[in-house]
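Undergrad: Below are the sequence and a predicted model for it; my questions follow.
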Amino acid sequence: MEMVSCKQQIKQITVPTPFAVGDVHTYVIIGERVTLVDAGVKTNEAWDVFTKTLHNHGLHSRDIDQIFITHHHPDHVGLVDFSPSNVPIIGHKRSHPWMIQDKKYIQTHEDFYLQILHEGGVDPRFFPMIKRVNDILRFSSTIGLTCFIEEGETLVGLENWKVYETPGHASSHLVLFDEESGTLIGGDLILDHISPNPLIEPPYPGEMERKKPLLDYIDSIHKMMGLSIQQVLPGHGSIVTNVQEHLQDRLTKQEKRSNKVFRFIEKERSCTAYEVCQHLFPQVFEKQLMLTMSETIGQLDYLENKGKIKVDRSKLPFQYEAIE
């Protein structure tokens, strides 16, 4: 697929992943420089598809001048390890410890996620799964960022594209927006066919508390609603064109889900996050516990932030009650 954004050509290159989400899109922007946005997952199959498609566009991997990373998840960074060693790799600083698989940081993950399960009142039979929580990193990169970038900044040769920080799905999430054409390269922030799961993450090195990803995600959606976006080039699925309608629909569905959680807590009088998770996801919580617990805790964060529930954190597991 080829698109044009005023000053540059944009080539969409789609590579396979071993994950349930399916294929992932990367984008090559050809202008004064050749910029790769996201790098796919680290498998030989993905690299083979990527290089062959790149060749079909008249390019070689050595023609890439810089790589921009929207966020640190393995399906967006893995092929960085296959890139030429002198290519600048640019993204949010929060991506870096994940991408280099910083040993000290990674070692904190097991304790963090185990604490989340204890706080949530999760059945102890699920505790052994925490040992596998970092298995997915074998599909990720081991090479980190060479340059950190923040909101409002631009990339060399892509001065018409502005960077926006859009945390939620990942705390490191960034997007690129070309105001003149209204084109947003959106990573996993805005997807046509699914709602991105705001994922619980261990605190970034030096921080004491975890982020609240659903609150961040909603703030990011509101930020995007303030831009004149005509089309979103996503990390997965189809291009999104009815952007404002799509974003409003996401907010409406979020409010419906939070109301469902509130009604359950109101009915039960007092309950744990695990009990809420079972109510929300009765068919899949066992197979996708960390994903469903992330979503559940996000909803509880949201309701607490709105002053609709209160949380007793004096003992484990935490207890949630509706505020009359």
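TA: Great, that's in hand.
Undergrad: The longest helix along the chain - contacts with which helices or strands?
TA: In terms of residue count, the longest helix belonging to the chain (DSSP state H) is helix 243-268. On a contact count with 3 or more Cβ pairs under 8 Å, 6 or more residues apart in numbering; DSSP states H and E, helix 243-268 meets helix 213-225, helix 273-280, helix 289-305, strand 319-322. Where you see a C-beta, it was placed from the backbone N, CA and C, and this is true even at glycine.
Undergrad: how about those, which one is nearest E45?
TA: Across the helices and strands packed on helix 243-268, E45 has its closest neighbour in helix 289-305 (24.2 Å, Cβ to Cβ).
Undergrad: follow-up on the earlier one: can you list the helices and strands packed on helix 243-268 in TSV and add distance to I265, mean neighbour count and mean pLDDT?
TA: Below are the helices and strands packed on helix 243-268 laid out as TSV (distance: least, Cβ to Cβ, whole Å; neighbours: other Cβ atoms under 10 Å; pLDDT from 0 to 100):
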stretch	distance to I265	mean neighbour count	mean pLDDT
helix 213-225	16	20	98
helix 273-280	7	21	97
helix 289-305	8	21	97
strand 319-322	5	19	98
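Undergrad: circling back: run the angle between the longest helix of the chain and helix 213-225 for me.
TA: Relative orientation of helix 243-268 versus helix 213-225 (axes from the mean of the first three to the mean of the last three Cα atoms, to 10 degrees): 150 degrees.
Undergrad: Could you pull out the buried residues of helix 243-268?
TA: For helix 243-268, burial by neighbour count (16 or more other Cβ atoms under 10 Å) applies to V243, H246, L247, R250, Q254, R257, S258, V261, F262, F264, I265.
Undergrad: Same check on stretch 18-25?
TA: V21, D23, V24, H25.
Undergrad: What helices and strands are in contact with the host helix or strand of V28?
TA: Under the criterion of DSSP states H and E, V28 resides in strand 24-30. Packing contacts for strand 24-30, counted by 3+ Cβ pairs under 8 Å, 6+ apart, involve strand 8-15, strand 34-37, strand 231-234.
Undergrad: Please find the angle between the direction vectors of the next helix or strand after the second one and strand 8-15.
TA: Scanning forward in sequence from strand 34-37 by DSSP H and E, the next helix or strand is helix 44-56. What separates the directions of helix 44-56 and strand 8-15 is an angle of 150 degrees, with the same axes, to 10 degrees.
Undergrad: which residues are contacting helix 44-56?
TA: Helix 44-56 is touched from outside by 13-17, 26, 28, 40, 60-61, 78-79, 82, with contacts defined as Cβ atoms under 8 Å, 6 or more residues apart in numbering.
Undergrad: Farthest-apart pair in these, please.
TA: Largest separation among those by Cβ to Cβ: T17 and H60, giving 23.2 Å.
Undergrad: Just want to know which of those two has more residues nearby.
TA: Remark: of T17 and H60, T17 carries more neighbours, 20 against 11, as counted by other Cβ atoms under 10 Å.
Undergrad: pLDDT value on that one, please?
TA: pLDDT recorded at T17 is 97.
Undergrad: repeat for the one 3 residues further on
TA: Reading off the confidence values, A20 has pLDDT 89.
Undergrad: For it, what is the enclosing helix or strand?
TA: Using DSSP H and E, A20 falls within no helix or strand.
Undergrad: Next, work out how far apart it and D75 are.
TA: Counting by Cβ to Cβ, to the nearest Å, the gap between A20 and D75 amounts to 11 Å.
Undergrad: what do you get for L36?
TA: Applying Cβ to Cβ, the value for L36 to D75 is 15 Å.
Undergrad: The two: which has the busier surroundings?
TA: D75 (31 against 28).
Undergrad: residue contacts, the more buried one?
TA: By Cβ under 8 Å, 6+ apart, the neighbours of D75 are T17, F19, V21, V24, G40, V41, F139, G235.
Undergrad: distance of the nearest residue to the fourth one once chain neighbours are set aside from D178?
TA: When you say that, I think you mean V24. In space, V24 comes closest to D75 once its chain neighbours are excluded; the distance is 4.6 Å by Cβ to Cβ, 6 or more residues apart in numbering. Distance, D75 to D178, using Cβ to Cβ: 24 Å.
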